[in-house]
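1. give me coordinates for this.
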Amino acid sequence: MRRVLAIRHIHFEDLGIWAPVFQAAGFRIDYREAADTDFAALDPLADDVVVILGAPIGAHDEARHPFLNQELAFIRQRLLAERPLLGICLGAQLLARLLGARVEPMSSKEIGYAPLQLTDAGHRSPLRHLDGVPVLHWHGDQFDIPDGCDHLAASSHCPHQAFSRGQWLLAVQCHPEADPQRLEHWLLGHACEWTQAGIDPHVLRRDAAAAGTQSVAAATAVLETWLAGLAT
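-> A predicted model of the protein is given here:
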């Protein structure tokens, strides 16, 4: 059985609706909690896919969160080998940093449901399934597109939402994996963040309900297409 290693930084930011997609494709899911994982003891090339999940910290926060030093070293080895990598939110920011791109705070947080604006490359990528579909955004930092990567998408608040390199690397700032039916976990876990940002939770609940099955179906197709591309 193929294996996917999911690096998780905060419990409710997991693979979400993408977990059953991996399982249906024949993957066994192995979660590792970033804060207490000894990355030096792990083989960065052992797993068929590595997914780096989101977190409410920054890509340059290793002084505050020393575990990031080991995590970055682990991801770097995976990058150098060009083995399949999928980065979401913080995961995408860490990939951008390691590929030499700038990662910095935005002028304001982007929290809520909104569609992506796909580039020409995005329309040819697995993200094409998200065209016109609301997706959850929840971040305060942004990245530049690394040299040698394809810029796939933007949003009204963030010009760089996704990039890829070949078939093996996909990085997304937004959260297509987030299950709209589990939004309450996000609202509880990130209560301080959305409160400080002046976000109305009732609007988020309404928009999550409206996104519903459409967003789940589109995000499912994104991962299915990406995994199929790895096999070619």
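2. need the strands for the chain, in chain order.
-> Listed in chain order, the strands of the chain (DSSP state E) span 2-8, 27-33, 49-52, 85-88, 103-114, 117-118, 135-143, 150-154, 162-165, 169-172.
3. which helices and strands sit right next to the fifth one?
-> Think strand 103-114. helix 90-98, strand 135-143, helix 191-196, helix 201-230 (3 or more CB pairs under 8 Å, 6 or more residues apart in numbering; DSSP states H and E). Any C-beta I mention is one placed from the backbone N, CA and C, and that applies to glycine too.
4. which one of these is the most hemmed in?
-> With neighbours taken as mean count of other CB atoms under 10 Å, those reach their highest mean count in helix 90-98, at a mean of 25.
5. coming back round to it: closest to G189 out of the strands of the chain?
-> For the strands of the chain, the distance to G189 is smallest for strand 135-143, at 10.4 Å, taking CB to CB.
6. between that closest one and strand 103-114, how big is the angle?
-> Here the directions of strand 135-143 and strand 103-114 differ by 170 degrees (axes from the mean of the first three to the mean of the last three CA atoms, to 10 degrees).
7. let me have the helices and strands packed on strand 103-114 in a markdown table, extended by mean pLDDT and distance to R28.
-> A markdown table is the format used below for the helices and strands packed on strand 103-114 (pLDDT from 0 to 100; distance: least, CB to CB, whole Å):
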| stretch | mean pLDDT | distance to R28 |
| --- | --- | --- |
| helix 90-98 | 98 | 20 |
| strand 135-143 | 97 | 26 |
| helix 191-196 | 96 | 33 |
| helix 201-230 | 97 | 14 |
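8. can I get these in a markdown table with distance to C158?
-> Output for the helices and strands packed on strand 103-114, formatted as a markdown table (distance: least, CB to CB, whole Å):
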| stretch | distance to C158 |
| --- | --- |
| helix 90-98 | 11 |
| strand 135-143 | 5 |
| helix 191-196 | 16 |
| helix 201-230 | 17 |
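9. so who does the residue positioned nearest the centre of the chain touch?
-> Residue closest to the mean C-alpha point of the chain, counted by CA atoms, centre = their mean, is I88 at 1.0 Å. I88 sits next to V51, I52, L53, G54, A171, V172, H175, P176, E177 when contact means CB atoms under 8 Å, 6 or more residues apart in numbering.
10. re the thing from before, nearest to L204, out of the strands of the chain?
-> Taking CB to CB as the criterion, L204 comes closest to strand 103-114 out of the strands of the chain, the separation being 6.2 Å.
11. tell me the buried residues in the closest one?
-> By 16 or more other CB atoms under 10 Å, the buried positions in strand 103-114 come out as V103, K109, E110, I111, G112, Y113, A114.
12. name the pair among those residues with the greatest separation in space.
-> With distances taken as CB to CB, the most widely separated pair in the buried residues of strand 103-114 is V103 and Y113, at 23.7 Å.
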